[in-house]
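>>> Requesting a structural model of the entry that follows:
(3 chains)
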Amino acid sequence: MDHMKKVGSSSCNDGVLLRMGLNDNKAGMQGLDKEKINKIIMEATKGSRFYENELKKDQQVNQRIEKMMQLKEKITTQQLLKAQLQVDKLVIELEQSRNLSSTIVHIDMDAFYAAVEMRDNPELKEKPIAVGSMSMLSTSNYHARRFGVRAAMPGFIAKKLCPHLTIVPLNFEKYGKVSKEVREILTEYDPNFMPMGLDEAYLNITEHLEERLNWPEDKRRFFFNTESATEKDKDDINMSAKCNEGGYSFSPVLFEDNTPLMDDHPEQRDRSVENSVIFGTSAEEVVKEIRFRIEQKTQLTASAGIAPNTMLAKMCSDRNKPNGQCRIAPERQAVLDFLKDLPIRKVPGIGKVTEKMLKALGIVTCSELYQQRALLSLLFSESSWRNFLDISLGLGSTHLEKDGERKSMSTESEINTAEDQYNLCRELCRDLAQELQKERLK
DNA sequence: GCACGAAGGACCC
DNA sequence: GCCCAGGGTCCTTCGTTG
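The predicted structure is shown next:
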């Protein structure tokens, strides 16, 4: 009962702070004076309608937690043991179906809107800027993040945190154009890649990797745009090649101090061998190549994650932001090592509510999520606890599904030949098999 | 009691 | 001085209906 009261009473401050206060989950936001920032945010927000609403929502979450804790008190040792057996049986099945054969890449453009605006207006480069309006910001650059300014923060509060912040209005038309340029590159590596908004995408490069093994060097050679960019970029490429360690690898951060690649004289572009770089055949090399090409084409940097499934790839791309990449090797142990001390809040799909509910059960990291699997199966809905189990085992989807594709036949205009029909049937059967497996043959 | 769909919440960008 | 978006997916809950 004691901890229950704690949840209820401490919530007034902590809970609302958790809701409204700085979320330093984002890249470029570590080691800030959180207390000072939170004080400014709270002072600016207190008494507003928004604040009252957040207070109400926080109380609702507390009630949910209280209910959950009451339920937990009633669970007997026997029930828990039984649940443990059942869940562990499922764990064995899930382990057997673990698929490490796909190479999934998550590409994430660094501070996308802000980076585009900085590129197009060099005056903004050294300043803290955010893109959006006084009422809502969509993103901020890394200078601004040092002040605690981040996406989904109202501009007027950001101005209090950083009085000399420049707020640039949104220009979706421009971002759409840049996004298209990036997609043109991505489609060469996976024609079925899955864009997520303007600044993110998932690719399945499994097939590309196979084909690439037989490619001559020239097909893997790319040219630098200008002289000025050459030396530095070459160094960066070489350095990143050396930065491989254990299960995952990192490339150095070169965002803040990176000179932009100005393509002032394309006609003078030197396309000699010295001005080129050859990428290897590994997944890391492919992703370095993609990021290199994106930067050469758009003057913008991207971060990337390489892993056996989409969930891991996404978390991985977050590891070494900005302008970095990270790989989880396709081995069970590498996956589990990556997850070991990872806070559950880093997992896509776990937001502040779920975080708070799990924290009340003493669960903060993914390994704790695994340790409490039996309890979770008794407290949460089937789909929730199964999702928790997938997360703690590092399981996720290994094939990409494009919106609308497969789900509806009417949009398929290219089913002409018998071969098309055969292929479609095969795909549908494979999907059905996967879904049945997912549903445990319900 | 079940199936179904609407409504609302959590989460994402 | 301005005073916390909008659009999407997925899941849960709840009311309606036969």
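
>>> A:Ser138 versus the residue of the stretch 101-250 of chain A found nearest DNA strand B, what's the distance?
As assessed by C-beta to the nearest atom of the strand, DNA strand B sits closest to A:Gly197 within the stretch 101-250 of chain A, at 2.9 Å. All C-beta atoms are positioned from the backbone trio N, CA, C, and that covers glycine. Distance, A:Gly197 to A:Ser138, using C-beta to C-beta, to the nearest Å: 11 Å.

>>> Which of those two has more residues huddled nearby?
Legend: neighbour count by other C-beta atoms under 10 Å for A:Gly197 and A:Ser138, higher for A:Ser138 (18 against 10).

>>> where's the more buried one, which helix or strand?
strand A:137-140 (DSSP states H and E).

>>> tell me what the helix or strand that that strand is followed by is packed against?
Using DSSP H and E, the helix or strand that follows strand A:137-140 in sequence is helix A:142-145. Counting contacts by 3 or more C-beta pairs under 8 Å, 6 or more residues apart in numbering; DSSP states H and E, helix A:142-145 packs against strand A:129-132.

>>> just how off-centre is the strand it packs on within its chain?
Distance of strand A:129-132 from the chain centroid (C-alpha atoms, centre = their mean, to the nearest Å) equals 21 Å.

>>> That one and DNA strand C, are they touching?
No: Strand A:129-132 lies out of reach of DNA strand C by C-beta under 7 Å from any atom of the strand, never closer than 7.9 Å.

>>> and that strand, which strands flank it?
strand A:137-140 (antiparallel), strand A:166-168 (parallel) (DSSP bridges).

>>> What mean pLDDT does it get?
Strand A:129-132 shows an average pLDDT of 96 in the prediction.

>>> Counting neighbours, what do you get for the residue of the stretch 301-442 of chain A found nearest DNA strand C?
Closest to DNA strand C within the stretch 301-442 of chain A is A:Ser381: 3.1 Å, counting by C-beta to the nearest atom of the strand. Here the number of neighbours of A:Ser381 (other C-beta under 10 Å) works out to 9.

>>> For A:Met68, see how far away it is.
Taking C-beta to C-beta, one finds A:Ser381 at 12 Å from A:Met68.

>>> if we can go back for a sec, any idea which of the strands paired with strand A:129-132 gets closest to A:Lys321?
For A:Lys321, the closest of those is strand A:137-140, at 12.7 Å, according to C-beta to C-beta.

>>> Show me which residues of that closest one are buried.
By 16 or more other C-beta atoms under 10 Å, the buried positions in strand A:137-140 come out as A:137-140.

>>> so who does A:Ile290 touch?
A:105, A:107, A:185-186, A:189, A:302, A:304 (C-beta atoms under 8 Å, 6 or more residues apart in numbering).

>>> Enumerate the residues of chain A near DNA strand C.
Proximity of chain A to DNA strand C, by C-beta under 7 Å from any atom of the strand, involves residues A:20, A:41, A:44-45, A:48-51, A:134-136, A:138, A:151-154, A:156-157, A:159, A:381-384, A:403.

>>> A:Ala83 - how many residues pack around it?
19.

>>> who touches A:Asn309 in this structure?
A:99, A:102, A:104, A:394-398.

>>> tell me the two of those residues that are most distant?
Largest separation among the contacts of A:Asn309 by C-beta to C-beta: A:Ser102 and A:Gly394, giving 13.5 Å.

>>> Tell me which of the two has more neighbours.
A:Gly394 (25 against 19).

>>> Look at the residue nearest to that one when sequence neighbours are not counted and report its pLDDT.
In this structure, A:Gly394 finds its nearest non-sequential neighbour in A:Val335, 3.9 Å apart by C-beta to C-beta, 6 or more residues apart in numbering. At A:Val335, the pLDDT value in this model is 98.

>>> so who does A:Val335 touch?
Counting by C-beta under 8 Å, 6+ apart, A:Val335 has contacts A:100, A:307-308, A:312, A:328, A:394.

>>> can you give me the helices in the stretch 51-200 of chain A?
A:77-96, A:112-120, A:142-145, A:155-161, A:172-186 (DSSP state H, counting those that start in this stretch).

>>> for the longest one, the distance to its chain's centre please.
In this view, helix A:77-96 has its centroid 30 Å away from the chain centroid, taken as C-alpha atoms, centre = their mean.

>>> measure A:Ile92 to A:Leu389 for me?
12 Å.

>>> for A:Ser381, same thing?
Taking C-beta to C-beta, one finds A:Ser381 at 13 Å from A:Leu389.

>>> swap in A:Glu184?
39 Å.

>>> Look at those two and report which has more neighbours.
More crowded of A:Glu184 and A:Leu389, by other C-beta under 10 Å: A:Leu389, with 19 against 11.

>>> quick one: the more buried one and A:Lys89 touch, right?
No: taking contacts as C-beta atoms under 8 Å, A:Leu389 lies outside contact range of A:Lys89: 11.7 Å.
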